[in-house]
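> Below is the sequence, then the predicted model.
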Amino acid sequence: MQYSPPIPHNRHRPRARAAAALLVVSALAVLVPVGCDPVLPPAAQSKPFEGQSLTLHCPDAAFADAVAPMVAAWAARTGATVRVERAPAAPDADLAIIPTGALGEWADGGHLAPVPAKLRTGEQFQWAGLLPVYGERLSTWGGQVVAVPLTGDGFVLVYDRDRFADPAARAEYQKRHNRALAAPATWDELADVAAVFADLDKRPSLPPLPADPDKLFDLFARVAAAHDRRALNDVELAARVARDPDALAFQYSVVSGKPRPQAHGFRRAAEWLDRARRASAPGTGDPAAALAAPNGAVLGLLSLDQLARLPKATGAVAARFAVAPVPGARAYFDPDRGAPVTSDQLNYVPYFSGGRLGVVRAKCAHQEAAFDLLADLGGPARGAELIGTPGLGAGPVRGSHLKSERLLLWLGYGFDGPRSQQLLAALEQYAGPTVKNPTLGPRGPDRAAVVAAVGAPLLDLAAGKVAPAAALQRAETDWAARDAQLPAAQLLRWRQRGAGLN
């Protein structure tokens, strides 16, 4: 909390001040009758949640450490007592901070209290300022708003601009692809650039591919998103949904509930993954460390928490590192033609799978206090503090986080002014506020099983053990077998709600 310093005294007018004070005292002496009670100071402001106790669970220890002082300040102001547990939510939790992908597991059985209307319409949280995907889809389950968005996620492309300026690399890239070497705008261009540097240097040009099936699935889905559909605005989406209810489907159909690993976007993503693994460093490792190492990676996709780990000398990231947006595609599937089409315009469709939500259990005895705390943590002021803390990997969740006048929020990543502007522009494209048909990560109660079914064959593909088509066939078989164990009606309900539908 910030306190305003007292107004400084004017040391040049002491006599005038003393004379004025004497006049005021004399006037009060005349106005106040003898025998009347003295004027009392106003009563202290009441604390709205005095005596109420809450237990907040947050399994992300770093994030819990960041919000703990904010929670303490809120508790002191409101009179409540809050215990912050740095662990997954236990039965005694009143409220929790969870990953966005965990919402279905929490919400499907009716275990969450709906977000009060006054939080969504009031000035404290300013719900209307949220990016639409958070305010309208990622916070909902089964037609109800049951979560308070706190932070988003974010990815950017980082590349070594010194290497990109190398005459030999520029000549070779021009020779192979008949275009100038530049920061790749599409996934295909990224694979092309990586291949050129790997061939010239006789060593990997990309960081290791993720060894965690969850993170590899995430990368795979990001590549697939831009190839799966054309980015649509409000009017285009309304027309598309009227003809095709699956317009918002991604990993699975919201009409049949069946998985879609053989869809065009996923086939292209598997082929890209096969190309990328040929230029990727073997084993495991942090992409930021791979970029910073001598003779290391030339470019790589980094999440915001990884971006914060780029080494800094005297507080600044080395000048050779530049930032660009997450790539898109120039070929995507057109459902009206039943085939992919190519466009001169870059097609970028966001994929949202990270970020954090605040939720309140239905059994919480002090729901008003719990939601007031979440509104404080995710509101414009506290939310900006979290966004501006690089180690948390907190991405934009409000349109205001992407405004040029809020550049200060992103300076903590250690880039100079021009590169900080690049970072802000890259995150604006990442969030895609004008794209009304973004893709979402799995959010159903069976999220872990879905990722395991797809992640295992992807790991084999990334290791070069299987071809792209075989990996997708195995993913479809394993996924369908797992889904067959669940009631069809329940599965379809999960798929529709996971896509943000009723």
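Yep, that arrived. A quick note: this is a predicted structure, and the numbers were derived from the prediction, not measured.

> Please make it C-alpha for all contacts and neighbour counts, starting now.
Noted.

> Now the spatially most central residue of the chain. Nearest residue, chain neighbours left out?
Centroid check for the chain by CA atoms, centre = their mean gives residue 153 as the closest residue, at 1.7 Å. Leaving aside its chain neighbours, residue 153 sits nearest to residue 395 (4.1 Å; criterion: CA to CA, 6 or more residues apart in numbering).

> From what I see, that neighbour and residue 149 are in contact.
No - using CA atoms under 8 Å as the test, residue 395 is too far from residue 149 to be in contact (11.4 Å).

> what comes into contact with stretch 474-487?
Contacts with stretch 474-487, where a contact means CA atoms under 8 Å, 6 or more residues apart in numbering, come from 258-262, 449-450, 453-457, 491.

> let me redo that: stretch 253-271
Applying CA under 8 Å, 6+ apart, the contact partners of stretch 253-271 are 220-221, 223-229, 245-246, 248, 250-252, 332-333, 340, 461, 468-469, 471-473, 475-476, 479-480, 491-492, 495-496, 499.

> show me the contacts for the residue nearest to the centre of the chain.
Each residue near residue 153 by CA under 8 Å, 6+ apart is listed here: 303-304, 352-355, 393-396.

> redo that, cut-off 10 Å
Contacts for residue 153 (CA atoms under 10 Å, 6 or more residues apart in numbering) come out as 100, 303-305, 352-356, 387, 392-397, 427, 430-431.

> count of residues packed around residue 167?
Burial of residue 167 is recorded as 10 neighbouring residues (other CA atoms under 10 Å).

> pretty sure residue 414 is touching residue 316, no?
Yes - applying CA atoms under 10 Å as the test, residue 414 and residue 316 come out as touching, 4.6 Å apart.

> Of these two, which one has the most company?
Per other CA under 10 Å, whichever of residue 414 and residue 316 has more neighbours is residue 414, with 22 against 15.

> for the more buried one, what are its contacts?
Contact analysis of residue 414 by CA under 10 Å, 6+ apart lists 307-318, 390, 420.

> Would you mind measuring from it to residue 421?
Separation of residue 414 from residue 421 (CA to CA, to the nearest Å): 12 Å.

> ok, which stretches of the stretch 301-450 of the chain are strands?
Under the criterion DSSP state E, counting those that start in this stretch, strands of the stretch 301-450 of the chain are mapped to 312-313, 316-317, 321-324, 329-334, 339-347, 351-352, 356-360, 439-440.

> Describe which strands the fourth one pairs with in its sheet and in which direction.
Read it as strand 329-334. If you go by DSSP bridges, strand 329-334 pairs up with strand 339-347 (antiparallel).

> now what about the strand it pairs with, what contacts it?
For strand 339-347, contacts defined as CA under 10 Å, 6+ apart pick out 185-186, 225-232, 264-265, 327-335.

> which of the residues in that strand are buried?
Of the residues in strand 339-347, 340, 346-347 count as buried by neighbour count, 16 or more other CA atoms under 10 Å.

> Next, report how far it is displaced from the centre of its chain.
27 Å (CA atoms, centre = their mean, to the nearest Å).

> please begin residue numbering at 285 from this point
From this message on, residue numbering opens at 285, which makes the last subject strand 623-631.

> Measure how far stretch 408-424 is from the centre of its chain, please.
For stretch 408-424 - counting by CA atoms, centre = their mean - the centre lies 13 Å from the chain centre.

> mind checking the end-to-end distance for that stretch?
Start-to-end, stretch 408-424 (CA to CA) is 20 Å.

> so where is this protein shaky, pLDDT-wise?
For the chain, the stretches with pLDDT under 70 are 285-328.

> Domain parsing of it, as residue ranges.
Per automatic domain parsing, the structural domains of the chain span 337-438+638-681, 439-636+721-782.
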